[in-house]
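J.: requesting a structural model of the entry that follows:
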Amino acid sequence: MDNLNAPVAVCSVLAGVLTSYVGLKVYRRQQVKRKASKKREECRRALEDVQRSAATDNESTRAKRKEILSLTLPELSQQLRDGQLTAVQVLQAFQEKATAENAKLNCLTEPVPGALMRAQDMDGEDVKSGLLHGVPVSIKDNINIKGMATTMGVTKYLDLPVNEDAVIVQVLKRQGAVPFVKTNVPQTLLSMACSNPVFGETVNPVDPTRSPGGSSGGEGALIKSGGSVLGIGSDIAGSARIPAHFSGVCGFKPTAYRLSPKGFGSSSPGQQGVVPAPGLLARDVDSLALGMKALLVPDMFQLDPQVVPIPFRQELYGEKKPMRIGYFTALEACPPTPSMGRAVLEAKEALEKAGHTLVAFDPPDQMRAIIELPYRLIGADAGQTVTRKWLNGETVDEYVKSQVTIMATPHRLRRIAGFVFKLIGWPRTGNFLSHRLIDSIYELWERLVERQEYIEEFLAEWRRKGIDVLLCPAYGMPACKPQQAGRLILTASYTILFNLLNFPAGVVPVTMVTEEDDRLLDDWQGYGNDLLDRLMRKTTKGGVGLPVAVQCVALPWQEEKCLRLMKEVETVCGLRC
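T.: Numbers count the residues shown, from 1 in each chain. Reported below is the predicted structural model:
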């Protein structure tokens, strides 16, 4: 009898264990959702409180605020220092505008506590010191502000406020700036859609059916909508430049360690092959230049000794000598959609008319440079950092699921999938999935050596052409639909290339998608009409009126030359944000 009851008892125990396990998983999932919902509601109420406190029915005040919002950063900072405007006046103008736009775009995560008190303190100073005296500045969610949580779109950090400002925030404050809001990001930061389960989805201010880009998508949307005059973001594969391009503003990333990254949250800490950097976003290039000038000061160099102590060189930015500019309209690994190449050619012709010399430039060994280096280096951990550190126990956002799945798929399965794609005639898709995956520390070190060798190849070609700066597409296409973002990562080849090289780069809007661009998509084949080309065509179709930027690039530590080319492009192409 005992022998008959033993299997029943074992099955009962196993069933109980399984039921408990499933119940625990469901309970934890519900806890995560409740925690996210609670935080979202708290932040919604805080933003509504700010909106109410800044609201006004006074017509003269409303007119003044409209005037304030129209100013560039240099104009605004000058009027603040001259005493024509007060810090409180300016802050409340931007608080009202930012919170109103947030109701449409969902670009903010939460207000910065104490911003109004700080503005009042600024107005109480006898001497208006600091280049950014009284200027409200928006800050990306992954950048530390004392007393606030740096969430990166996951719940595990919601109750962990940081105890120190990021170095950049400290320098901004010493220059008189008033950090006033934090802006939304995609979960894990590694996406071109801007959505997470904590704060929800940010939409594009030009077309709400499209993504504002990532990972500084909240910043790009806020700047474009007029809710901020200067935004601080970050850039690991185009994370400041892509949102700027998608929304139609200016975005810039310097050489790594020209600005301090200390106090910036990263989705891939320890990753060294694709170099991240802080980024700036603004409506115009002069505002970016002033932002850089305000940050490149002794305070920055003292707070972070790893930063190279080079102050902003105004003489290089303001130089009038004609430049020799290299240009290319496409990368072999990811031919861009029609509007992107057209934008480069239009900028090229305008620059030539302005007296500059333009010469064709072909980045060397393009397929290897894109497929075998940056995407392999940034995913060398096979997605373990993202899945274990960030997403373990979390609700995974729908727009990053496909990307995370690819990153975390065992290499053996990726090689099988790559082989199948090659068999059906899609070699690029197959290579992207499976070619030369990194399986060991030895292979990682080998690939880092190859990265350095490629940098030397690129520099040799730069010297051979004798160019000062470089002009190229900002991205593979205009703003995409968020549903396709996770499968379009290869379109970031144009931005990730310059993180791999660690060159300063920035984007400037120069045109918009035309009816002709949209018509040309019908016959556009891209690399060979493979899966990626079809997705690009599908997500780009119907994008008439979307902003289109070009990208400007300089050699390491020559940020001022990069910004000068951006200013030249802005001037000769005439598209204002």
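
J.: how many neighbours does Glu457 have?
T.: Using other C-beta atoms under 10 Å, the number of residues around Glu457 comes to 15. The C-beta positions use only the backbone N, C-alpha and C, and glycine is treated the same way.

J.: need the nearest residue in space to it, chain neighbours excluded.
T.: With sequence-adjacent residues excluded and distances taken as C-beta to C-beta, 6 or more residues apart in numbering, Glu457 is closest to Pro364, at 4.7 Å.

J.: that neighbour in helix, strand or coil?
T.: At Pro364 the chain is in coil, as set by DSSP: H, G, I helix; E, B strand; the rest coil.

J.: how about it, phi and psi?
T.: Note on Pro364: backbone dihedrals following degrees, to the nearest 10 are phi -70, psi 150.

J.: measure it to Ser267 for me?
T.: Noted for Pro364: a distance of 30 Å to Ser267, by C-beta to C-beta, to the nearest Å.

J.: so the two - more neighbours on which side?
T.: Looking at Pro364 and Ser267 with other C-beta under 10 Å, you find the greater number of neighbours at Ser267, namely 24 against 13.

J.: that one: what's it in contact with?
T.: By C-beta atoms under 8 Å, 6 or more residues apart in numbering, Ser267 lies in contact with Met152, Thr188, Leu189, Leu190, Ile236, Thr385, Val386, Trp390.

J.: what's the closest of those to Tyr454?
T.: Closest approach between the contacts of Ser267 and Tyr454, by C-beta to C-beta: Ile236, at 18.1 Å.

J.: burial measure for the nearest residue to that closest one once chain neighbours are set aside, as a count.
T.: The shortest distance from Ile236 to any residue that is not its chain neighbour, by C-beta to C-beta, 6+ apart, is 3.9 Å, and that residue is Pro276. Residues lying near Pro276 (other C-beta under 10 Å) number 24.

J.: read off the pLDDT value for Pro276.
T.: In the prediction, the pLDDT value recorded for Pro276 is 93.

J.: any idea which element Tyr375 lies in?
T.: Mapping Tyr375 onto the secondary structure by DSSP states H and E places it in helix 374-378.

J.: so which elements touch that helix?
T.: Helix 374-378 is packed against helix 441-465, helix 493-501, with contacts defined by 3 or more C-beta pairs under 8 Å, 6 or more residues apart in numbering; DSSP states H and E.

J.: try 6 Å this time
T.: Under the contact criterion of 3 or more C-beta pairs under 6 Å, 6 or more residues apart in numbering; DSSP states H and E, the helices and strands touching helix 374-378 comprise an empty set.

J.: kindly state the pLDDT recorded for the closest residue in space to Arg324 that isn't next to it in sequence?
T.: By the measure of C-beta to C-beta, 6+ apart, the closest residue to Arg324 outside its immediate chain neighbours is Thr357, 4.7 Å from it. Looking at Thr357, its pLDDT is 98.

J.: before we move on, what about Ser402?
T.: Ser402 carries a pLDDT value of 89.

J.: burial count for it?
T.: For Ser402, the tally of surrounding residues (other C-beta under 10 Å) stands at 17.

J.: Glu110 too?
T.: 24.

J.: return the residues in contact with it.
T.: Residues touching Glu110, when contacts are defined by C-beta atoms under 6 Å, 6 or more residues apart in numbering, comprise Cys43, Ala46, Lys182.

J.: of those, which is the most crowded?
T.: Looking at the contacts of Glu110 with neighbours defined as other C-beta under 10 Å, the largest count falls to Lys182 at 26 neighbours.

J.: please report phi then psi for that one.
T.: Dihedral pair for Lys182: phi -110, psi 150, per degrees, to the nearest 10.

J.: gap between the closest residue to it other than its chain neighbours and Val544?
T.: Across the structure, with C-beta to C-beta, 6+ apart as the measure, the residue nearest Lys182 apart from its sequence neighbours is Thr109 (4.7 Å). When C-beta to C-beta is applied, the distance between Thr109 and Val544 equals 32 Å.

J.: give me the more crowded residue out of these two.
T.: Thr109 (29 against 16).

J.: sec struct for that one, please.
T.: strand.

J.: just checking, it touches Gly200?
T.: No - with contact defined as C-beta atoms under 6 Å, Thr109 and Gly200 do not form a contacting pair (9.7 Å).

J.: where do the strands sit along this structure?
T.: Under the criterion DSSP state E, the chain contains strands at 108-111, 136-140, 178-183, 195-196, 200-201, 231-235, 250-253, 277-282, 324-327, 357-360, 469-473, 505-512, 547-553.

J.: can you put these in a markdown table and add distance to Lys39?
T.: A markdown table is the format used below for the strands of the chain (distance: least, C-beta to C-beta, whole Å):
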| stretch | distance to Lys39 |
| --- | --- |
| strand 108-111 | 9 |
| strand 136-140 | 17 |
| strand 178-183 | 12 |
| strand 195-196 | 11 |
| strand 200-201 | 11 |
| strand 231-235 | 22 |
| strand 250-253 | 28 |
| strand 277-282 | 25 |
| strand 324-327 | 46 |
| strand 357-360 | 50 |
| strand 469-473 | 38 |
| strand 505-512 | 32 |
| strand 547-553 | 32 |
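
J.: could you identify which of the ones you listed is most buried?
T.: The highest average neighbour count among these, using mean count of other C-beta atoms under 10 Å, belongs to strand 250-253 at a mean of 32.
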